[in-house]
Structure formats: structure tokens, C-alpha cells
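J.: Need coordinates for the below:
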Amino acid sequence: MKRFFLPLTAALLCHASAAEVPKVFAGLFEKDVPVRGQIGVVLPPEEINQYVTKVEQAAKKDPTWFREFSTKSKPGAPLPYDEKLGLTKEEYDKYLQLWAKREFKPQADVILTLRQSTTSTGEKWSILGMGGGENGAQTISTLGYFPKEDLFRSPNGNMKRLEDINADAESILGAWTGHEWKFEETTTLARTKENFAIGQFADKKYGLIVYRVQEISTEGSRLQDKSLVIRFPLGKAGQVQENAQRPAGASGKPAPAPAPSPKKK
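T.: Next comes the predicted model:
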């Protein structure tokens, strides 16, 4: 977002406005201040695949046991050790070592801006996203947060607030805390699930947005499956400077003066 040089009174009004940001966005965004971020995925080293393959083979041998065992484990974190996983204890320990080396791999740069508006149903806050292609940051622009009801509203319907997130260091994204909302609907045609979460990592250097929507037909066909993970620096480190918003190719230098007109003889 553009940073304007304002008189003191106007600047004070801006600070007052920032203080009115709903609690779910506090410390992450300021109103109307664009923030640069990155869409990406979290991946461990490729060497881990040899152990993952063994676990997958073990799961095929006893799918019922594996399903029940997985259900009792923490979502997004490595399964606890069991001989039925198809790994020796030494292999399992190596798997954990590789898992600990997972990293966020950026795929596209994006810009996020928190906007406020008024609708017939009340005050609305939206995170407008730009960049990242067809399934990029603009995907979350259709979501609106309504503080009075503490819910997000998507084109699918109302997303209800879930328990706050407090993920530990072993989870796929690492240690982070945040808030989450969910929409879920089953019709005669399909089942739809939509989740939105926002928060920050334990080191408080980066904020995080996680979004996913799935639609599966009654026959089991996947009609829609979009997922998005956006990481963005917190505070001034992530805020976009005025010159940084120039279109690609703009140098920022003043245009040269026009050549003088030829004198008439």
C-alpha cells in the first residue's frame, strides 16, 4: 500500500484507525497498509521420501489399523513410532531428523491489504490479495470478516469460528498460534469444506494465512480442491513502500524534459 506523508493531525487519525482493527488482525495488519508476502509450501528434504514410501506400503497392508492409528495422532505432525509403520526405530529416528529440516519454499510474491467497508449486514473487513496467478492471493479476497458476529463469510456461506490454533513445533508449519473458521455443507450433489486460518509463528517474525476449500461429489469425484499458504513479515519489515508499488519496468526516475522546439526562421 502507498505510504503518504501526512500532516500531524491526519497521521494521528491514521493511528487511531489502526487501533480499531479487529482483534483477529491485531499485530498482523494495519488498515489500508499493504504488506508483501509469499505463497509457498513447506517441504522436508527429498531423502525423507524413502521412509514415507515404506509407511505407505505398510498402510496398504493394514488400512483399518492405519486409519485408526492416524486418527489418534496430532494432525499435521509425524505419527508416533509403531512397528506396524514398516520402519525400524533407527529409520524412524532418521525420519524425524529429516522432518525437522523442513523449510518454507516460496512460489510466488503477493501483496495483502486489509480493507474496511460497510454492508447491509454490518461492518466488514477483507484481506485483498494480489499476485500469485489464477489461484493466488486473490482467492481470499472473496472472504469477509464481520466482527459483530465473529465470523467470515464466503461465497459458500458463513464460516463459523473454531477453537484457536496452538500448533507445536512438530506440526507441518512449525510452532504457530492463530484463529480459524470453517464452512461445511452436505447436499444431495456434493460435500463442501472450507477453512480459513490466520495467525503468527512463535518467533513473531512472520504472519501466516492458511486457506483451503474442497468440494467432493456424492460419487467421490473431486470437484474442487484449492489450498493456499501465505507467509508475510510482521511490522514495518513487510509493509510496502510507496516506490515499491510502481508497475514493473518503472524506474522511479523523473521523465526527461522534452526537447526544445526548433526556432522559426
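J.: going forward, measure contacts and count neighbours with C-alpha atoms only.
T.: Fine.
J.: Report the mean confidence score over stretch 154-174.
T.: Averaged across stretch 154-174, the pLDDT comes to 94.
J.: Of all the residues in it, which ones are buried?
T.: Judged by neighbour count using 16 or more other CA atoms under 10 Å, the buried positions of stretch 154-174 are Ser154, Asn158, Met159, Lys160, Arg161, Ala167, Asp168, Ser171, Ile172, Leu173, Gly174.
J.: now for the helix or strand hosting the third one, which elements pack on it?
T.: Taking DSSP states H and E as the definition, Met159 sits inside strand 157-161. Using 3 or more CA pairs under 8 Å, 6 or more residues apart in numbering; DSSP states H and E as the contact criterion, the neighbours of strand 157-161 among helices and strands are strand 151-154, strand 176-186.
J.: Touching it from outside, list them.
T.: Residues outside strand 157-161 that contact it (CA atoms under 8 Å, 6 or more residues apart in numbering) are Asp150, Leu151, Phe152, Arg153, His179, Glu180, Trp181, Lys182, Phe183, Glu184, Glu194, Asn195.
J.: Give me the sheet partners of that strand and which way each runs.
T.: strand 151-154 (antiparallel), strand 176-186 (antiparallel) (DSSP bridges).
J.: Residues touching stretch 69-85, excluding its own?
T.: Contacts of stretch 69-85 (CA under 8 Å, 6+ apart): Lys54, Val55, Ala58, Ala59, Lys89, Tyr92, Leu96, Glu170, Ser171, Ile172.
J.: With stretch 132-142 instead?
T.: Here stretch 132-142 makes contact (CA under 8 Å, 6+ apart) with 39, 107-112, 126-131, 154-155, 211, 226, 228.
J.: Can you turn the buried part of the residues you listed into a PyMOL selection?
T.: Of the contacts of stretch 132-142, the buried ones can be selected in PyMOL as follows, counting by 16+ other CA under 10 Å:
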select buried, resi 39+109+110+111+112+126+127+128+129+130+131+154+211+228
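J.: The contacts of stretch 132-142 in strands, which ones?
T.: Among those, the members falling in strands (DSSP state E) are 39, 107-112, 126-130, 154, 211, 226, 228.
J.: What does the pLDDT read for Lys263?
T.: We note a pLDDT of 49 for Lys263 in this prediction.
J.: gap between Ile140 and Ile198?
T.: Taking CA to CA, to the nearest Å as the criterion, Ile140 is separated from Ile198 by 11 Å.
J.: hmm, back to that, may I see the contacts of strand 157-161 arranged in a markdown table, with neighbour count and distance to Lys205 as well?
T.: Shown next, in a markdown table, are those (neighbours: other CA atoms under 10 Å; distance: CA to CA, whole Å):
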| residue | neighbour count | distance to Lys205 |
| --- | --- | --- |
| Asp150 | 14 | 26 |
| Leu151 | 18 | 26 |
| Phe152 | 24 | 25 |
| Arg153 | 20 | 28 |
| His179 | 18 | 17 |
| Glu180 | 23 | 20 |
| Trp181 | 21 | 23 |
| Lys182 | 21 | 26 |
| Phe183 | 19 | 29 |
| Glu184 | 17 | 32 |
| Glu194 | 22 | 27 |
| Asn195 | 20 | 24 |
